[in-house]
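Participant: Mind folding the following:
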Amino acid sequence: MEFMTFQHKIIRLFFLTITVFLISCNSFCQDDNIDGSLIFQQTLKTADSLNRLCSETWDSDRKLALYYAEQALEISERSNYDIGKGIALKNIGNINLFTGKYDEAIVFYEKAIEIFQKTRHEKGIAGCNNNIGMVLERKGEYEMALQFYEKSLDYEINVHNTDGAAVTYENMGNVYFYLGNYSQCLDYFNKAAAYFDKAENTEGRIKLLINLGAVYEAMNMLDKAISNNENALTGSRKAGNKYLEASALHNLGSNYFETGDLNKSLNYFQKTLVVKDELEDKKGIAAALKMIGRIYNERENYDLAIDYYFQALKISEEMEDKRAIAETFTLIGENLEKKGQHKQAIEFFRQSLDLAAEINARAEKLNNYQQFVLAFTSLKEIDSASKYLNLYKTLNDSLTAGFISESKSVMNVNKSEIEKQQDKIILYRGALFFSGLIILLLIAFMVFRTKKHTRI
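Facilitator: Numbers count the residues shown, from 1 in each chain. Prediction:
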């Protein structure tokens, strides 16, 4: 069981006292025919303050943020303050989104939209549409996510809400990142950057630095990725934003993993877990566990690695995070492949590929095609290996088409390994051809001898 800190208890008591006082005063004024408008206005201001405090603290203290939102909701309901109620419901939806409770988040957003439609609060509707898009994105429903982002963007641009437009452009860029379309992703990130700069939104710019770092890593531009993430880490700590700090730490861990510095990588992921646990960020915890598993896999400590993978898988399945589940299935398959359990590995690759195809996660499909080539080649099932090699080449060509020339590779895929397997396939096919030719010659020789003996 978790207990509230002393600070939280004091804050709770303070706002509870104010709430009771304001409600009592309002009732007293009504009963005695005294004008209660001043008290009523103060009640609304209290609800607004609580909603504002919630948004200011949800990146650093999720429990306290939830408490603020619930108090704002209670005061707004008692006062029939619809705007305050709608914002509180939206804020509670946000906290559920951040903690991986996606179905609950959508319920709160839909309730908030009902109130915002009734009060014609278009900004609130746009915000909820954007956030429903985020839920759908995290569940791997990318096309639907884009539709909700576009609804939000139309409003943000029409009312010249620079912050809102920046966030929505960034979210759309994230979708294209997961679809493996990096040129489109960078286009949306650049649009987001222009709006963040216009709004002088420092924290928005920090978050964008982190996302750009992820794109640069995927394009194998590791120096640029590290530079972006180090700047983001410095900025997030200066701003006191724990959520952004954890994201920067995670991405630096990933960057150093790709450079081969496993000790430095593990150090960053261990720091990430501490902050993510503090924030109760289940999605972030699962992602960090997966990466620690990959580090132990590289160190050939396969049993410890697969233990981390299954811990991550459990969390991702609880959250119904299809993309994360697909990624983890692939990692488990790779682990089994390293241990020589090729057939078991193939079953995990199949499960991953099915999910990746369902959500159109092209980067994960590409990775699975690569793994199938390796597994089937190891089993000397050359036709199956050739099939997936062709699928790999086709998809890889479509991903690389039109990308930035500065990029050395589109995905973090070990092409030299694929080329080695292709050489093996050619070698096996050659061996099979010559074996077949030798067998035919032997058969011909046996037939010739049989005929010769018959003649005698």
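
Participant: contacts, neighbours, all on C-alpha from now
Facilitator: Noted.

Participant: wait, isn't residue 196 in contact with residue 161?
Facilitator: No: using CA atoms under 8 Å, residue 196 is not in contact with residue 161, being 10.7 Å away.

Participant: These two: which has the busier surroundings?
Facilitator: Higher neighbour count among residue 196 and residue 161: residue 196, with 24 against 15, using other CA atoms under 10 Å.

Participant: Show me which parts of the helix or strand hosting the more buried one are buried, residue by residue.
Facilitator: With secondary structure defined by DSSP states H and E, residue 196 is part of helix 182-199. For helix 182-199, burial by neighbour count (16 or more other CA atoms under 10 Å) applies to 182-186, 188-193, 195-196.

Participant: Between these, which sits nearest residue 373?
Facilitator: Distance to residue 373 across the buried residues of helix 182-199 (CA to CA) is lowest for residue 182, with 24.8 Å.

Participant: can you give me the helices in the stretch 101-250 of the chain?
Facilitator: For the stretch 101-250 of the chain, helices defined by DSSP state H, counting those that start in this stretch occupy the ranges 102-119, 122-138, 142-158, 162-178, 182-199, 202-218, 222-239, 242-259.

Participant: How about residues contacting the third one?
Facilitator: The one in question is helix 142-158. Helix 142-158 has contacts (CA atoms under 8 Å, 6 or more residues apart in numbering) with 122-123, 125-127, 129-130, 132-137, 162, 164-165, 168-169, 171-172, 175, 359-360.

Participant: redo that, cut-off 10 Å
Facilitator: Counting by CA atoms under 10 Å, 6 or more residues apart in numbering, helix 142-158 makes contact with 122-139, 161-176, 178-179, 359-361, all of which sit outside it.

Participant: how many degrees apart are it and helix 162-178 in direction?
Facilitator: Helix 142-158 and helix 162-178 are oriented at 160 degrees to each other (axes from the mean of the first three to the mean of the last three CA atoms, to 10 degrees).

Participant: repeat for the last one
Facilitator: Here helix 242-259 runs at 30 degrees with respect to helix 162-178, directions being taken by the same axes, to 10 degrees.

Participant: Okay, buried residues for helix 242-259 please.
Facilitator: Of all the residues in helix 242-259, those buried under the rule 16+ other CA under 10 Å are 242-258.

Participant: Alpha carbons only: can I get it in PDB?
Facilitator: Taking C-alpha atoms only, helix 242-259 is exported to PDB below (Å, rounded to 0.1, in the frame of the first residue of the first chain):
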ATOM      1  CA  LYS A 242      11.000  14.700 -14.600                       C
ATOM      2  CA  TYR A 243       9.100  13.200 -17.500                       C
ATOM      3  CA  LEU A 244      11.400  14.900 -20.100                       C
ATOM      4  CA  GLU A 245      14.400  14.000 -18.000                       C
ATOM      5  CA  ALA A 246      13.400  10.300 -18.000                       C
ATOM      6  CA  SER A 247      12.900  10.400 -21.800                       C
ATOM      7  CA  ALA A 248      16.300  12.000 -22.400                       C
ATOM      8  CA  LEU A 249      18.000   9.400 -20.100                       C
ATOM      9  CA  HIS A 250      16.300   6.600 -22.000                       C
ATOM     10  CA  ASN A 251      17.300   7.900 -25.400                       C
ATOM     11  CA  LEU A 252      20.900   8.400 -24.300                       C
ATOM     12  CA  GLY A 253      20.900   4.800 -23.100                       C
ATOM     13  CA  SER A 254      19.700   3.700 -26.500                       C
ATOM     14  CA  ASN A 255      22.300   5.900 -28.300                       C
ATOM     15  CA  TYR A 256      25.200   4.400 -26.400                       C
ATOM     16  CA  PHE A 257      23.800   0.900 -26.900                       C
ATOM     17  CA  GLU A 258      24.000   1.500 -30.600                       C
ATOM     18  CA  THR A 259      27.600   2.800 -30.300                       C
END
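
Participant: Which other helices and strands does the next helix or strand after it contact?
Facilitator: Remark: after helix 242-259, the chain's next helix or strand is helix 262-279, criterion DSSP H and E. Using 3 or more CA pairs under 10 Å, 6 or more residues apart in numbering; DSSP states H and E, the elements in contact with helix 262-279 are helix 62-78, helix 242-259, helix 282-298.

Participant: Report the contact partners of the most centrally placed residue in the chain.
Facilitator: The structure's the chain has its C-alpha centroid closest to residue 138; by CA atoms, centre = their mean the separation is 5.8 Å. Residue 138 is in contact with 97, 100, 102, 132, 145, 175, 283, 319-324, counting by CA under 10 Å, 6+ apart.

Participant: Tell me how far it lies from residue 219.
Facilitator: Residue 138 is 22 Å from residue 219, where distance means CA to CA, to the nearest Å.

Participant: Next: residue 198.
Facilitator: Distance, residue 198 to residue 219, using CA to CA: 28 Å.

Participant: now swap in residue 250 and tell me
Facilitator: 18 Å.

Participant: go on, residue 289?
Facilitator: As judged by CA to CA, residue 289 and residue 219 stand 23 Å apart.

Participant: Check residue 146 too.
Facilitator: Distance, residue 146 to residue 219, by CA to CA: 23 Å.

Participant: likewise residue 191?
Facilitator: 20 Å.

Participant: same thing with residue 380?
Facilitator: Counting by CA to CA - residue 380 and residue 219 are separated by 32 Å.

Participant: So what's the residue count around residue 77?
Facilitator: A count of neighbours around residue 77, defined by other CA under 10 Å, yields 15.

Participant: For it, which non-adjacent residue is spatially closest?
Facilitator: residue 85 (6.4 Å; CA to CA, 6 or more residues apart in numbering).

Participant: for residue 93, same thing?
Facilitator: Once flanking residues are discounted, residue 93 sits nearest to residue 105: 4.1 Å by CA to CA, 6+ apart.

Participant: follow-up on the earlier one: okay if I get the helices of the stretch 101-250 of the chain as JSON lines plus mean pLDDT and distance to residue 344?
Facilitator: Shown next, in JSON lines, are the helices of the stretch 101-250 of the chain (pLDDT from 0 to 100; distance: least, CA to CA, whole Å):
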{"stretch": "helix 102-119", "mean pLDDT": "94", "distance to residue 344": "32"}
{"stretch": "helix 122-138", "mean pLDDT": "92", "distance to residue 344": "28"}
{"stretch": "helix 142-158", "mean pLDDT": "93", "distance to residue 344": "30"}
{"stretch": "helix 162-178", "mean pLDDT": "94", "distance to residue 344": "27"}
{"stretch": "helix 182-199", "mean pLDDT": "94", "distance to residue 344": "33"}
{"stretch": "helix 202-218", "mean pLDDT": "94", "distance to residue 344": "28"}
{"stretch": "helix 222-239", "mean pLDDT": "96", "distance to residue 344": "33"}
{"stretch": "helix 242-259", "mean pLDDT": "97", "distance to residue 344": "26"}
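
Participant: Switch those helices over to CSV; also include distance to residue 387.
Facilitator: Shown next, in CSV, are those (distance: least, CA to CA, whole Å):
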stretch, distance to residue 387
helix 102-119, 38
helix 122-138, 31
helix 142-158, 28
helix 162-178, 25
helix 182-199, 26
helix 202-218, 25
helix 222-239, 32
helix 242-259, 29
